[in-house]
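Trainee: how would this look folded up:
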Amino acid sequence: MLLEGLFLPLTTPFYPDGRLNLRKLEHNVDRASKTPVAGLVVLSEPGEAAMLSDEETKEALSAAIAVAVETKVMLAGVSRSSVVATLELADVAAGLGYDAVLVKRPSILTAEAASETLTYFRTVADRAAAPVVLYSTKCGPLAVELVAELAGHPQVLGLMDEAADASRVAAIVKATSGVKREVTVTHVFTAVTGRMQVAKAEAGAATFVSAETLTEGRAAVAVAPPKPAIKTRSKTVGFQVLAANTAAMLAGLKAGASGVMPAFAAAAPQACYEVYAAWKDGDLPLAEEKQQHLAAAVAGIEEALGVPGIRYASDLNGYFGGAPRLPLLPLTGAERQAVERLMGGIRN
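Mentor: All right, here's what the predicted structure looks like:
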């Protein structure tokens, strides 16, 4: 499957009393589905996946994909400390129709536990019912050598990397240069998702009301013609790297990343997309200008205030952020004013 373009990491809404707010999650998915992003990521680090129980995780995954349009690639965060628990959630995600699952190193494993980490990822990739995207977080970055070791696994599609500066992306691209795969894409080289193919296959054959039926006075039902079949072609890709560092989006793309998943896109998808679109069009000066336009907001909101800052910025742009779940605290009045000032020129 193609991992290219901008992927939007959804926030996970809660009620004021801390309960999971599925209706607001559906609102966010519906609104994000109307943007030019390539895909949506449910329960990534900006989505506070660690704050949810297994049952809440299943509910959130179900609610989100029920609303998403079929043309968006859907990734599900399913990481747990054990292989068994991760596989259980991966199977749930696959059953719901997610195109791939996002898996990070378990918190019980340190960076020095290379053999255990490798075994964890290999076992999950071997047995999961959906393809796997490795997730390298700022708190638990995966070594380049480990990524290279896993890149050849047929079920490992690529890497989502939060520490993806130019040098790290370049090193990963070089270390995985031997990996080549054929993926199915549309005639304009966008991803063909599993849900898209299922939706087309389930479209029934057309039926029409005959004049004879009408004249005999019998009731009849007309079914609309099915959607035309997807026109597809093949594309050769390498190991696909998504740069998940908002401040270094453009640097990651120039170093060889196939796409981006900036945390700030949860609040400003259009502004983040414009960086990718300008780069994709070959207009480097415009891409640099768009990246620079985000610099102050990214530094003052995402990097200084973290998830609570992104949540409030989302509220300002028509997405539901709301308060984080305890022990994370909502922003103070002064912090809110700072976010409002920084978001003044970044609207969707």
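
Trainee: my read: R195 touches G97, true?
Mentor: Yes - R195 sits in contact with G97 when judged by CB atoms under 8 Å, with a separation of 4.9 Å. The C-beta positions use only the backbone N, C-alpha and C, and glycine is treated the same way.

Trainee: so where's the stretch 51-200 of the chain uncertain?
Mentor: Per-residue confidence for the stretch 51-200 of the chain (pLDDT under 70) gives these ranges: 199-200.

Trainee: setting aside sequence neighbours, what's the nearest residue to V132?
Mentor: Closest residue to V132 in three dimensions, ignoring its sequence neighbours and counting by CB to CB, 6 or more residues apart in numbering: A125, at 4.7 Å.

Trainee: neighbours around that neighbour, how many?
Mentor: Each residue near A125 was counted by other CB atoms under 10 Å, and the total is 20.

Trainee: next one: P285
Mentor: Neighbours of P285 under the rule other CB under 10 Å: 8.

Trainee: next: H293.
Mentor: Using other CB under 10 Å, H293 is surrounded by 15 other residues.

Trainee: would you map the helices across the chain?
Mentor: Per DSSP state H, the chain carries helices over the ranges 22-32, 54-67, 83-96, 114-127, 144-151, 166-175, 194-202, 211-215, 249-254, 269-280, 284-297, 304-316, 333-342.

Trainee: would CSV of those helices with distance to M261 be doable?
Mentor: Converted to CSV, these look like this (distance: least, CB to CB, whole Å):
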stretch, distance to M261
helix 22-32, 13
helix 54-67, 16
helix 83-96, 17
helix 114-127, 19
helix 144-151, 16
helix 166-175, 13
helix 194-202, 19
helix 211-215, 53
helix 249-254, 9
helix 269-280, 9
helix 284-297, 15
helix 304-316, 13
helix 333-342, 21
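
Trainee: does the spatially most central residue of the chain have beta-bridge partners, and which?
Mentor: Centre of the chain computed as the mean C-alpha position; nearest residue by CA atoms, centre = their mean is V41, 2.7 Å away. Here V41 shows beta-bridge partners P9, L75, assigned using DSSP bridges.

Trainee: isn't it up against V78?
Mentor: No - the pair V41 and V78 fails to qualify as a contact (CB under 8 Å) at a distance of 11.6 Å.

Trainee: any common contacting residues for those two?
Mentor: Listed as contacting both V41 and V78 by CB atoms under 8 Å, 6 or more residues apart in numbering are L102.

Trainee: what comes into contact with stretch 322-329?
Mentor: Looking at stretch 322-329 with CB under 8 Å, 6+ apart, the contacting residues turn out to be 11, 13-14, 16, 18, 21, 24, 48, 51, 306-308, 311, 315, 330.

Trainee: what's the end-to-end length of that stretch?
Mentor: Length of stretch 322-329, first residue to last, CA to CA, to the nearest Å: 11 Å.

Trainee: picking that back up, intersection of neighbour lists for R195 and G97?
Mentor: Common neighbours of R195 and G97, counting by CB under 8 Å, 6+ apart, are 65, 74.

Trainee: near L61, how many other residues are there?
Mentor: Residues contacting L61 under the criterion other CB under 10 Å number 26.

Trainee: what of R181?
Mentor: Applying other CB under 10 Å, we find 16 residues neighbouring R181.

Trainee: would you check that it makes contact with S258?
Mentor: No - R181 lies out of contact with S258 (CB under 8 Å); the separation is 12.0 Å.

Trainee: give me the common contacts of those two.
Mentor: V237.

Trainee: what sits opposite the nearest residue in space to A257 that is not next to it in sequence in the beta ladder?
Mentor: Computed as CB to CB, 6+ apart, the closest residue to A257 that is not its neighbour in sequence is A243, at 4.3 Å. Here A243 shows beta-bridge partners D161, V260, assigned using DSSP bridges.

Trainee: A243: how many residues sit nearby?
Mentor: Neighbourhood size, A243 [other CB under 10 Å]: 31.

Trainee: from P285, how far off is it?
Mentor: 20 Å (CB to CB, to the nearest Å).

Trainee: returning to that earlier point: and the pLDDT for the residue nearest to A257?
Mentor: The confidence metric pLDDT takes the value 96 at A243.

Trainee: go on, G217?
Mentor: At G217, the pLDDT recorded in the model is 55.

Trainee: check G252 too.
Mentor: With respect to pLDDT, G252 scores 97.

Trainee: isn't it right up against P262?
Mentor: No - look at G252 against P262 with CB under 8 Å: they stay out of range, at 9.8 Å.

Trainee: joint contacts of the two?
Mentor: 243, 245.

Trainee: thank you kindly, that will do.
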